[in-house]
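Asks: A predicted structure for the sequence below; I have some questions about it.
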Amino acid sequence: MAATALTSEISISRTRLLQRIEELGALGSTGDGGCCRLALTDEDRAGRDLLVTWMHDLGLEVDIDAIGNITGTWQVGTGTPVMTGSHIDTVRTGGLYDGNLGVIAGLEVIETLMGNGLTPPRPLAVAAFTNEEGARFQPDMLGSLVYVGGLDLETALDTSAIDGARLGDELARIEYQGSTPVPASPPHAFVELHIEQGPVLEQRDVRIGAVTGVQGISWQEVTIHGQSNHAGTTPMSLRHDPAYVAAEITVFLRRLADELGGHQVCTVGKIDIFPNLVNVVPARVVMTLDVRNTDEQTLQIAEQRINVFLDEVSRDEGVRIERRTLARFKPVVFCDDVIDIVERVSGDLGTTTMRLPSGAGHDAQMLARICPTAMIFTPSAKGISHNPAEFTSADDLVLGANVLLHTMWELAHRDHFDFTPGSGV
Ligand code: GLV
Ligand code: MN
Ligand code: MN
């Protein structure tokens, strides 16, 4: 029976939501409950094909843009669309929910409104952005960055993968280089549902997070060139050992984060050592530094301290260090009007809610440059993510999707927001 208003009794389909999460997660399954669907691989293509099929089944207008972002739009009403979405690429050791939840829940919102005969006054769109994770190509959030005009298309297409492939070639190979031009025109508003990927909601026993912004991200690749030599014959005093320097840098980052405290986090997530043999002082180490903070000034202090340390340690050990920036994004503040709506609809649905910043990067932080934007978080069990053990309960997934449903409905009915493009970045 057709309804005339979106009431709290109307819910997205639990069965369909959970089935789709399983179905998408099976593409690239790692056999341990996890998923490996690195951007623009054959697994990513299979995931994209499934998503496009779901969009077509729903009667959405499907657009693929020049950087491979997929958008399905329900062309109803007038004006610019209210958009949701996230990503379906994963890290190599991904779970089932990171990114995928936001895209699948977007489909649920549209299907639920259609099924209840509810038509919003403006179009609704759901997007899956290319290479959000940045695990294969850097920077992360690359598709949404190009979407908002923060990176030009040619530079993005020329990006090299960690396996040496060129992004543009991979996009063409999997047949997802579309013709819709980038940058796109701004949506009316954007809201992304995502798992928290951290422990805060679970620890506070709160079921919905109204996300206030995203912390700044500084990624760099550090290459340490030393002197390769025989491990048995080279006296310690004569060594120029890049493995030793890599270890010093790793320890320094940990101590720096402890010392700065607050929201400061530092990670060495990737170390490649050459030639990687038991009896050879290595010639070279290539490592990545991931440094984040909600406060731009403190993030800059962390970067400066790291630079000074790299100079000191390379001088002391007689090695040469090269640095390459992989990603640098300032902290982002989301639009208060959209955060308020997330909080209010969560309250109307009778759930607990709190405001919190995001520790992870998200496509929403790019959309925040061009339109009123916020995010909805659901709890992550034990705060674990980027790991096959990533888990959010079915009840929380459904609740998150229902908060998304009501938020998009409200956004579609609201004409004006207190928002200036670029204000939150
Ligand atoms: C993206 O998932 C990131 O925050 O690294
Ligand atoms: Mn994500
Ligand atoms: Mn992720």
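Replies: Here it is on my side, so go on. Ligands and ions are numbered 1, 2, ... in the order given.
Asks: so where do the helices sit in the stretch 151-300 of the chain?
Replies: For the stretch 151-300 of the chain, helices defined by DSSP state H, counting those that start in this stretch occupy the ranges 153-157, 167-173, 200-204, 242-260, 296-317.
Asks: Run through the neighbouring helices and strands of the longest one.
Replies: Applying 3 or more CB pairs under 8 Å, 6 or more residues apart in numbering; DSSP states H and E, we find helix 296-317 packed against strand 216-225, helix 242-260, strand 284-293, strand 320-329. C-betas here are computed from N, CA, C, even on glycine.
Asks: Other residues contacting the second one?
Replies: Outside of helix 242-260, the residues within contact range by CB atoms under 8 Å, 6 or more residues apart in numbering are 222, 224-226, 264-268, 271, 273, 281-285, 287, 289, 291, 293, 298, 301-302, 305-306, 309-310, 313-314, 317, 319, 321.
Asks: Once you drop chain neighbours, what's closest to Gly52?
Replies: Quick fix: residue 52 reads Val, not Gly. Once flanking residues are discounted, Val52 sits nearest to Val62: 5.7 Å by CB to CB, 6 or more residues apart in numbering.
Asks: cool, Leu157 as well?
Replies: The nearest residue in space to Leu157 (CB to CB, 6+ apart) is Gly168, at 3.3 Å.
Asks: Just confirm the residue nearest to Val52 contacts Gly72, I think it does.
Replies: Yes: the pair Val62 / Gly72 is scored as a contact, 5.3 Å apart, by CB atoms under 8 Å.
Asks: neighbour-wise, which of the two wins?
Replies: Gly72 (25 against 17; other CB atoms under 10 Å).
Asks: which element is the more buried one on?
Replies: strand 70-74 (DSSP states H and E).
Asks: That strand packs against which elements?
Replies: On a contact count with 3+ CB pairs under 8 Å, 6+ apart, strand 70-74 meets helix 42-57, strand 61-64, helix 100-115, strand 124-128.
Asks: Let's have those in a markdown table, adding distance to Ala135.
Replies: Output for the helices and strands packed on strand 70-74, formatted as a markdown table (distance: least, CB to CB, whole Å):
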| stretch | distance to Ala135 |
| --- | --- |
| helix 42-57 | 11 |
| strand 61-64 | 22 |
| helix 100-115 | 15 |
| strand 124-128 | 16 |
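Asks: which one of those has the most crowded surroundings?
Replies: Of all the helices and strands packed on strand 70-74, strand 124-128 carries the top mean neighbour count, a mean of 28, counting by mean count of other CB atoms under 10 Å.
Asks: So that one, near ligand 2 or not?
Replies: No: if you take CB under 5 Å from the ion as the test, strand 124-128 misses ligand 2, and the best it gets is 11.2 Å.
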